[in-house]
Each structure stands twice: as structure tokens, then as C-alpha cells.
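# sequence plus predicted model, see below.
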Amino acid sequence: MQRVKLIDVARAAGVHPGTASRALNSGTGGRVSAETTRRVVQAAKKLGYVPNNFARGLRTARSFVIGMIVPDVTNSLFPPMVRGAEQVLSQVGYTLVVTDTDNDAATERSQIERLLARGTDGFLIATARWDDPLVESLADSEVPAVLVNRNTGTHRLPYVGCDERTGISMAVDHLVALGHRRIVHLAARRTPPPAVSERPPSGTRSARTACSSVPTRSGSVSRTVSKPVVRRRLGCSPRARTSLRSWRGTI
């Protein structure tokens, strides 16, 4: 099957190829009359025209590809983020490429370098660490990038994440209101260190100060440890705590 070209669409619509290009481009469509745009779009649909993004990229020096770097695609936290990013980017003509680093810094660097070599226009990075030389090098190079879910200590790149202070305070307040008085905070593993903060979550500190009569204890575990190991690491007996709160994890 022969590929339909822009010149074929222009010929069918009775316009110049440049006019057809502007009519089909969301960024320049306003320069073409509504009637001309209607004819061009109708011709493109009838002929089955698909824009040649490779040729478009040669003209504009852009790939129209965004890389999204996630630490673990099996974590239920990330699929909604990927879907939301893809839906927004596709509306403006970009393709989203998702890579999984398996929480490995070397893999992350390799993936970003390969995507850069292929002309990727920008990144959504969900793998940042509090002290992250790779993110710093991206900031130095001025490659467009946004940090998602995890931030760095330098705050040099835009960051989209949750309000941990308010969220944790609300969680502790809720548990206290239910009558819990001995609360465990089960944090993410510390290798690599959590990137939101190297300190205990500020909401926990705030809630602990506000409810000084409520003893809390923090601990760090991975997903695969057993209940006895959790208890040993947290220093509590099976019945010592009445509430267990998990931060950045799934129980």
C-alpha cells in the first residue's frame, strides 16, 4: 500500500501543500480559514493521510517524543501517571516512551542517554534521588524535564508530587480520632534514599508534636520481608502497636 503524502491531500483539497500543512497543524491552524481547514481535513481523512513525524522532525529539529522514566512499572502508583501523561501529550502531537529502571541508577543513566541520543525532546522523571548527579546534569544541559513523585535536594527542576506534610498529618489525625495511641510509620527502603526528603516526613514530625501523648515509631523495610522481620526491625511485639501506616508503599 502506497503512503499518502501531504501533496496528495493538498491536491484533493485544491490548495497549496503549505496551506494543507498549516491546516493540519494544531499550532498553525488559526492561520487558515475554517472552510479551507474543513476541506483539507476532509481530504486527509478520505485518503487515510498519516503525518510523517520523521520529516516534520527534520524541519523543526524536534522528535516529538517525550521519555518517561519510572522506577517500577509493576507499582500501582505509576500506571495512572503514565496514562495521564500519554493522554495530554498525544493531544499536542507527542509520543510518550516509558522506560523501567528497576530502581537502578546505572540503568536509569543508560536509558536517558539512549533517549537523548535519539533526539528525545524532554523527560518526565519519576526516579529522582535526593542527591542525584544525573538530574543535575540534565538541569545543566537545559533539556526540558519535570520531576514526578520524587524531588531532589537542589529543587532545580519543576516538580509535581503530593503534599506530604498535609497528607501525613491528616492520616495521623484520623488514626488518633479512631482511638489509636501507638502508631508505626512504615517507610520506603532507604537504598536508594527517599527523594522527597532525607529527614522523616515532616507531617509525621508535626503530628507527633501536636499529639505528644501518642507514641510513634518509624522503620524502613522492603516489600518482600515477612511480618516477624517487620516487627523486629520496628522493635515492636505483635500486639505493641495498634496502627501501621505505610509511606510510599503498598501493604
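Looks like it arrived, so ask away.

# just for the stretch 151-251 of the chain, where's the confidence low?
186-251 (pLDDT under 70).

# and the next helix or strand past the host helix or strand of Ala85?
Using DSSP states H and E, Ala85 sits within helix 79-91. Sequence-wise, the next helix or strand downstream of helix 79-91 (DSSP H and E) is strand 95-100.

# and the helix or strand following that next one, what does it pack onto?
Counting by DSSP H and E, the next helix or strand C-terminal to strand 95-100 is helix 105-117. Counting by 3 or more Cβ pairs under 8 Å, 6 or more residues apart in numbering; DSSP states H and E, the packing neighbours recorded for helix 105-117 are strand 65-70, strand 95-100, helix 133-141. Backbone N, C-alpha and C define where each C-beta goes, glycine included.

# could I get the full set of strands for the chain?
Secondary structure of the chain, counting by DSSP state E: strands at 65-70, 95-100, 122-125, 145-148, 159-160, 183-187, 216-220, 243-246.

# now do the first one against helix 79-91, angle only.
Orientation check (axes from the mean of the first three to the mean of the last three Cα atoms, to 10 degrees): strand 65-70 against helix 79-91 gives 170 degrees.

# give the pairing partners of strand 65-70; include direction for each.
strand 95-100 (parallel), strand 122-125 (parallel) (DSSP bridges).

# just the fifth one next, same as before
Counting by DSSP bridges, the strands paired with strand 159-160 are strand 145-148 (parallel).

# now do the partner strand, average pLDDT.
Strand 145-148 carries an average pLDDT of 94.

# give me the residues contacting it.
Identification of contacts with strand 145-148 by Cβ atoms under 8 Å, 6 or more residues apart in numbering yields 68, 81, 122-126, 128, 135, 138-139, 157-161.

# how is the chain divided into domains?
6-51, 60-160, 164-246 (automatic domain parsing).

# just to revisit the earlier point, now which of the contacts of strand 145-148 would you call buried?
Buried members of the contacts of strand 145-148, counted by 16 or more other Cβ atoms under 10 Å: 68, 81, 122-126, 128, 135, 138-139, 157, 159.

# apart from its neighbours in sequence, what residue is nearest Ala145?
Phe123 (4.3 Å; Cβ to Cβ, 6 or more residues apart in numbering).
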